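K.L.:
I need the structure of the sequence given here:
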Amino acid sequence: QLQLVESGGGLVQPGGSLRLSCVVSGESLDYYTIGWFRQAPGKEREGVSCISTIGTADFADSVKGRFTISRDNAKNTVYLQMNNLKPEDTAQYYCAVAYLQRCLPLWGGGTDFGSWGQGTQVTVSS
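P.N.:
Numbering: from 1, shown residues only. As a prediction, this is how the structure comes out:
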């Protein structure tokens with residue numbers, strides 16, 4: 001059974017950076033597409049980024065040009081590098097895995113993803 005553990009969240013000032021990590025245990029990541037999602041209080045969950053088994057990435061419009069995603073299959077870990085953070089990036093961030101080769105067109109809805117982590121909090125504030 002897959003287990004996902006996120007880390008790297010925290011409090012950062014606007015314009016700052018954070019790198020989130022998602023360590024997956026239980027199976028090899030080689031055959032999984034990985035997604036990062038976030039949910040702010042009172043808001044719906046939204047897809048942030050998705051990376052396919054071969055490293056093809058997709059991003060929400062709100063984070064394009066600021067966030068990057070990468071994966072290290074040898075470490076069974078996926079990273080979300082977040083730069084130029086804004087207060088509106090404040091949310092609980094979750095990683096999730098889908099037994100798919102690629103990010104499907106509606107990946108941002110999250111329904112393709114079967115296993116989820118517990119999340120890590122990101123707060124952007126001065």
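K.L.:
going forward, measure contacts between C-alpha atoms and count neighbours the same way
P.N.:
Fine.
K.L.:
which ones are touching Gln13?
P.N.:
The contact partners of Gln13, by Cα atoms under 8 Å, 6 or more residues apart in numbering, come to 85, 124-126.
K.L.:
which among those end up buried?
P.N.:
By neighbour count, with 16 or more other Cα atoms under 10 Å, the contacts of Gln13 hold 85, 124-125 as buried.
K.L.:
So which of those residues sit within strands?
P.N.:
Judged by DSSP state E, these include Val124 as members of strands.
K.L.:
what's the closest of the buried ones among the contacts of Gln13 to Cys50?
P.N.:
Within these, proximity to Cys50 (Cα to Cα) peaks at Leu85, which comes in at 18.6 Å.
K.L.:
quick one: what helix or strand has the nearest residue to the closest one once chain neighbours are set aside in it?
P.N.:
If the residues on either side of it in the chain are set aside, Leu85 comes closest to Gly15, at 4.9 Å by Cα to Cα, 6 or more residues apart in numbering. Under DSSP states H and E, no helix or strand contains Gly15.
K.L.:
which residues of the protein fall in strands?
P.N.:
3-7, 10-12, 18-25, 33-39, 46-51, 57-59, 67-72, 77-82, 91-98, 115-116, 120-124.
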